[in-house]
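Undergrad: Got a sequence here, can you model it:
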Amino acid sequence: MGQVPDVSRDLFRQLAGSFASGVTAVTTGRPGNYHGMTASSFASLSLSPPLVLVCLDLNSSTLPVIEETQGFAINILARNQEDISRMLAGPGKHDLGGIPIQTGRLEVPLIDGSLAQFECRLVQRYVEGDHVILVGAVEAGRVSEGGEPLLYFRGSYGQLGDSAQLPSSKAS
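TA: Prediction:
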């Protein structure tokens with residue numbers, strides 16, 4: 001094996017940010033203690049059984065709540081939910097106060113107006129670097145009719161369409 005070149009944190013962010021992704025909000029908790037955070041590191045993992053994965057920073061204040069409750073939801077945010085994404089982005093921003101929610105079958109909070117919602121039971125966790133990969137068994141879900149996804153590309157929010165529409169606004 002050859003020598004691995006040094007990749008700075010800033011370069012890695014630029015590299016990873018060049019992959020346009022949808023924006024999700026991971027939500028969890030119990031009444032009076034709901035938590036949420038934005039996450040773009042989300043993927044479907046398996047059709048049978050239905051599994052998804054999401055990656056969270058080890059210092060996330062949402063992580064211990066997921067581990068305690070053993071359940072979480074993945075809310076795929078719609079284009080008109082950029083404000084929700086901003087509210088839940090960054091360290092310490094986990095409060096769902098002011099965000100319209102309902103509780104799902106697994107009693108996890110679900111964000112109203114999301115394009116899709118996965119209700120998951122935590123089945124596995126893998127620590128790699130400064131993040132943990134959470135694997136969730138999808139036990140319920142909903143898909144809304146219509147709407148467009150909220151996209152994230154190179155540090156900015158965008159929308160579907162030609163490249164002139166990306167980026168639409170810089171994330172703070």
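
Undergrad: Looking at strand pairing, list the partners for the residue nearest the centre of the chain.
TA: Central residue of the chain (Cα atoms, centre = their mean): residue 39, 2.8 Å from the mean position. Taking DSSP bridges as the rule, residue 39 bridges to residue 24.

Undergrad: and it, what is it in contact with?
TA: 24-26, 54-56, 74 (Cβ atoms under 8 Å, 6 or more residues apart in numbering). C-beta: built from backbone N, CA, C; applies to glycine.

Undergrad: again, only this time at 10 Å
TA: For residue 39, the contact set (Cβ atoms under 10 Å, 6 or more residues apart in numbering) comprises 21, 23-26, 54-57, 60, 62, 74-75, 85, 88-89, 134.

Undergrad: go on, residue 143?
TA: Residue 143 neighbours (Cβ under 10 Å, 6+ apart): 76, 114-117.

Undergrad: Walking through the chain, point out its helices one by one.
TA: 9-17, 63-69, 82-88 (DSSP state H).

Undergrad: and those as a markdown table, adding mean pLDDT and distance to residue 94?
TA: Formatted as a markdown table, these follow (pLDDT from 0 to 100; distance: least, Cβ to Cβ, whole Å):
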| stretch | mean pLDDT | distance to residue 94 |
| --- | --- | --- |
| helix 9-17 | 77 | 22 |
| helix 63-69 | 95 | 8 |
| helix 82-88 | 93 | 7 |
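
Undergrad: Need the winner for burial among those.
TA: Highest mean neighbour count of those: helix 82-88, a mean of 19 (counted as mean count of other Cβ atoms under 10 Å).

Undergrad: Strands of the protein, start to end?
TA: Listed in chain order, the strands of the chain (DSSP state E) span 21-22, 24-30, 33-39, 42-46, 51-57, 71-76, 101-103, 109-111, 116-128, 131-143, 151-153, 156-158, 169-170.

Undergrad: of all those, which lies closest to residue 95?
TA: With respect to residue 95, and counting by Cβ to Cβ, the nearest of the strands of the chain is strand 33-39 at 7.6 Å.

Undergrad: tell me which residues of that closest one are tucked away?
TA: Going by neighbour count (16 or more other Cβ atoms under 10 Å), the buried part of strand 33-39 is 34-39.

Undergrad: so where's this structure shaky on pLDDT?
TA: 1-5, 19, 92-93, 161-172 (pLDDT under 70).

Undergrad: check contacts around residue 38.
TA: Applying Cβ under 10 Å, 6+ apart, the residues near residue 38 are 23-26, 75, 77, 84-90, 93, 150, 152, 171.

Undergrad: Provide a ChimeraX selection command restricted to the buried entries of those residues.
TA: Burial among those is assessed by 16+ other Cβ under 10 Å; the matching ChimeraX selection reads:
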select :23,24,25,26,75,77,84,85,87,88,89,150,152,171
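
Undergrad: Thanks a lot, catch you later.
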